[in-house]
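> here's my sequence, what's the structure:
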Amino acid sequence: MSDVPQPRRPALLRRLLLAATRPLGVGGSQPGRGEVVTVDVGGSGIRLARVRRAGEQLELLDSFAIRIPPPDQEGAPPRGPAVEAALREAVRARRLRGKPAVGLVPGLDVVLRRTTMPDMTGADLLSALSLEAQKYVSFPADHIAIDAERLGPAPEPGHSELLVAACDRPRVAEVHRLLTQAGLKVLALTAPPLAFRSVMRHTRLGEDGEVTALFDIGLHTTTLCIFKRDELRFSRELSIGSQTLTEALRTIIVPGQPTVQLSQEEAERLKLEHGIPMGEDEKRQAGGIPLAHVAIMLRPTLERLVREIWSSFDYCNEEFFGESVQRVFLAGRGAQLRNLGPYLEGVLKVPVTVLDVGRDVLSAGRAPQAAAGELGFAPALALEDFSGINLLRALEPPPSGARERLAAVVTVPRLVTAAALVLALDGGLTWLHHAEAESRVRALARARAAAVVHQPELQALEARMQALRAHQTLLARLSDGRPEWPLLLKDLSLRIGPAVRLSELSPDEARPDPAAPAGTPAQRLVVLRASLQPAAGRPEEEIAATLRALMASPFFKEVRLVELTPASDGRTQAVISCTLRGTP
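Numbers count the residues shown, from 1 in each chain. Below is the predicted model of the structure:
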């Protein structure tokens, strides 16, 4: 291609072309300067802050936080209209109409991944990334919108390290519409991990070079991010939040007493007042409930959280050559749970610190500092200039060619536009076509060479992905409509007497209930096999006591004795069938 004669490049056209073909994720407005309104529309309500950036600090000028009842709560309005009305009223009452704004898109609607790609032009890169994103997002392929930023050169020549954001286009468009209809001028949309990166970057929490993890524990989910300095290495959304711990306290099992059932408000108050009982606290009681049993009821949820954390840590250790997490920061409403920090510190064996965004990011402003704790990471959105990832750009369809890219960036008066078109007619368009074709050929050649070199790694990755999908399918089957097995076994251990030894617990085939209406799910059965000690009293009395104890369990119903037979060693063998109630 170098032998093809190239027309002379007019100077003005060359400057226009530079703007049209700027690198992906570079350029645009800088909403992090001056006064900005930041909006976080989360699962529990709206958090809005009006802040002014002063150097590396943010001055909080005004704040607004409102809790919106969930749709299933009695008397609650529909979710969409309630959010729209609340935000519109807040903007009107605080005279924010027309103010520049940055919005936070919920974490489940955005997937962030680091990847290595051959160097190529913006349109080709977006096409390649869109195909790659279909492997790790859960929303439909035609909903995927992409934006990316270049992190630096990759070890392999001709390649770059990228941070890619794949978002659910309709959901991002909904957040944009919500802010626009409220009267705000939307400059940028971003995701929680990028807001956390702003905090890491501007508070210098990772300046000592440690690998740090940040957990933002929200109402229904926990966002887990791993950084080295301000480099985002990993992000993940866990379906465990503050509300999950409250639900675990709705039913409390106390041996020898009836099961304690608590309302949502009672369980929330018990959690806020006592947190995770540890040490001497476990010897106390609250409203007649031993706090030791509160700790027992919280333990399965906490253990599930720790398992998810460990799996994320192990993945990062493998990807980054054994650089393990050295410090953990907690944020969000769940971070204030009493003893959560010491509990995680004891399990993870790394220092755990509660991060106060209001104290560490906001300077003294006109709004009360007490409100800062309710705002979460919303004010930190004003720290970035969004020259990297901005999900607002992902809503626009990618330009398909050089002329479209040129038209997308030329926003000048008509007279100047006409002059540019005259210059373009004088040989410029011919050069554009030639340059575009040459760039595409080079990019395709590099991509083909990279594919051949990395074929073994791609095959190994595909095998690992198949194993991961099989593992996820198994986990889904185990958790679909079934109780928490650790909790069920703990309950069994409290109900089986000392004269009875449980030797086997095995799920049986699900069987439909003939008396149930059509369409009712089949009932899942469990078979228990036990033996009675030779020195025990009458076997009938021991078995009867065991059956009564099982029938009082929140996990079992329709408990019946299938078989009771004497064995040659003096023991008595029993087979008991139970129907699972599901998670209490």
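> strands of the stretch 51-200 of the chain, start to end?
Secondary structure of the stretch 51-200 of the chain by DSSP state E, counting those that start in this stretch: the strands cover 57-67, 100-104, 110-118, 144-153, 159-168, 185-190.
> so what's Ala447 closest to, chain neighbours aside?
Nearest residue to Ala447, sequence neighbours excluded (Cβ to Cβ, 6 or more residues apart in numbering): Pro118, at 5.1 Å. All C-beta spots, glycine's among them, are computed from the backbone N, C-alpha and C.
> what's the most buried one of the strands of the stretch 51-200 of the chain?
Ranked by mean neighbour count, the strands of the stretch 51-200 of the chain are led by strand 100-104 with a mean of 25 (mean count of other Cβ atoms under 10 Å).
> mind putting the strands of the stretch 51-200 of the chain in JSON lines, distance to Leu205 and mean pLDDT included?
Below are the strands of the stretch 51-200 of the chain laid out as JSON lines (distance: least, Cβ to Cβ, whole Å; pLDDT from 0 to 100):
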{"stretch": "strand 57-67", "distance to Leu205": "15", "mean pLDDT": "78"}
{"stretch": "strand 100-104", "distance to Leu205": "20", "mean pLDDT": "89"}
{"stretch": "strand 110-118", "distance to Leu205": "19", "mean pLDDT": "86"}
{"stretch": "strand 144-153", "distance to Leu205": "20", "mean pLDDT": "86"}
{"stretch": "strand 159-168", "distance to Leu205": "19", "mean pLDDT": "88"}
{"stretch": "strand 185-190", "distance to Leu205": "19", "mean pLDDT": "90"}
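> dump these to TSV, plus distance to Ile46.
Shown next, in TSV, are those (distance: least, Cβ to Cβ, whole Å):
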stretch	distance to Ile46
strand 57-67	5
strand 100-104	11
strand 110-118	19
strand 144-153	24
strand 159-168	20
strand 185-190	15
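> out of the ones you listed, nearest to Glu265?
Glu265 lies closest to strand 57-67 among the strands of the stretch 51-200 of the chain, at 13.9 Å (Cβ to Cβ).
> note down every partner strand of that closest one and its orientation.
Looking at strand 57-67 with DSSP bridges, its partner strands are strand 45-54 (antiparallel), strand 362-363 (parallel).
> rewinding a little: just checking, the residue nearest to Ala447 touches His159?
Yes - counting by Cβ atoms under 8 Å, His159 is a contact partner of Pro118 at 5.5 Å.
> domain ranges for this protein?
Using automatic domain parsing, the domain parsing of the chain gives 24-202+359-412, 206-354, 485-514+521-580.
> distance to Ala445 added to the ones you listed, as CSV?
Formatted as CSV, the entries for the domains of the chain read as follows, by distance: least, Cβ to Cβ, whole Å:
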stretch, distance to Ala445
domain 24-202+359-412, 9
domain 206-354, 29
domain 485-514+521-580, 54
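> out of the ones you listed, nearest to Met465?
Smallest distance to Met465 across the domains of the chain (Cβ to Cβ): 7.2 Å, for domain 24-202+359-412.
> where does that closest one sit relative to the chain's centre, distance-wise?
Relative to the mean C-alpha coordinate of its chain, domain 24-202+359-412 is positioned 15 Å out (Cα atoms, centre = their mean, to the nearest Å).
> in the lengthiest helix in the chain, which residues are buried?
Ranked by residue count under DSSP state H, the longest helix found in the chain is helix 291-319. Neighbour counts using 16 or more other Cβ atoms under 10 Å place 291, 293-302, 304-305, 308-309, 312-313, 316 of helix 291-319 among the buried residues.
> follow-up on the earlier one: can you redo the strands paired with strand 57-67 as CSV with distance to Ser242, mean neighbour count and mean pLDDT?
Output for the strands paired with strand 57-67, formatted as CSV (distance: least, Cβ to Cβ, whole Å; neighbours: other Cβ atoms under 10 Å; pLDDT from 0 to 100):
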stretch, distance to Ser242, mean neighbour count, mean pLDDT
strand 45-54, 14, 21, 81
strand 362-363, 23, 18, 62
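> nearest to Leu270, out of those?
strand 45-54 (23.0 Å).
> which stretch in the domains of the chain is the model least sure about?
Lowest mean pLDDT within the domains of the chain: domain 24-202+359-412, a mean of 75.
> adding distance to Gln134, write the strands paired with strand 57-67 out as TSV.
Putting the strands paired with strand 57-67 into TSV (distance: least, Cβ to Cβ, whole Å) gives the following:
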stretch	distance to Gln134
strand 45-54	32
strand 362-363	40
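> ok, back up a step: which stretch among the strands of the stretch 51-200 of the chain comes nearest Leu444?
strand 110-118 (9.5 Å).
> and that closest one, which strands flank it?
Here, using DSSP bridges, strand 110-118 pairs with strand 159-168 (antiparallel).
> related to what we said a few turns ago, for Thr180, find the nearest of the strands paired with strand 57-67.
Thr180 lies closest to strand 45-54 among these, at 14.8 Å (Cβ to Cβ).
> now the angle between strand 100-104 and that closest one, please.
Here strand 45-54 runs at an angle of 130 degrees relative to strand 100-104 (axes from the mean of the first three to the mean of the last three Cα atoms, to 10 degrees).
> ranges for the helices of the stretch 151-300 of the chain?
169-181, 192-203, 242-248, 264-274, 291-319 (DSSP state H, counting those that start in this stretch).
> out of those, nearest to Glu210?
Nearest to Glu210, of all those, is helix 192-203, at 11.0 Å by Cβ to Cβ.
> what's the angle between the closest one and strand 159-168?
Following the same axes, to 10 degrees, one obtains 130 degrees for the angle between helix 192-203 and strand 159-168.
> what distance do you get for the closest residue to Gly98 other than its chain neighbours to Asp62?
Distances taken as Cβ to Cβ, 6+ apart place Lys185 nearest to Gly98, at 5.9 Å, with adjacent residues excluded. From Lys185 across to Asp62, the span is 17 Å (Cβ to Cβ, to the nearest Å).
> can you check Phe556 too?
Phe556 sits at a distance of 55 Å from Asp62 (criterion: Cβ to Cβ).
> do Val562 as well
Taken as Cβ to Cβ, the span from Val562 to Asp62 is 68 Å.
> kindly report the same for Val102.
Val102 sits 15 Å away from Asp62, going by Cβ to Cβ.
> next one: Ala567
To Asp62, Ala567 is 77 Å away according to Cβ to Cβ.
> Glu156 too?
49 Å.
> next one: Ile253
Distance from Ile253 to Asp62, by Cβ to Cβ: 47 Å.
> likewise for Gly218?
23 Å.
> same question for Arg94.
Arg94 sits 6 Å away from Asp62, going by Cβ to Cβ.
> can you list residues touching both of these two?
Arg50 (Cβ atoms under 8 Å, 6 or more residues apart in numbering).
> could I get the helices of the stretch 151-300 of the chain as a markdown table with distance to Glu210?
Output for these, formatted as a markdown table (distance: least, Cβ to Cβ, whole Å):
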| stretch | distance to Glu210 |
| --- | --- |
| helix 169-181 | 33 |
| helix 192-203 | 11 |
| helix 242-248 | 27 |
| helix 264-274 | 31 |
| helix 291-319 | 13 |
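> nearest to Glu282, of those helices?
The nearest among the helices of the stretch 151-300 of the chain, by Cβ to Cβ, is helix 291-319 at 4.1 Å.
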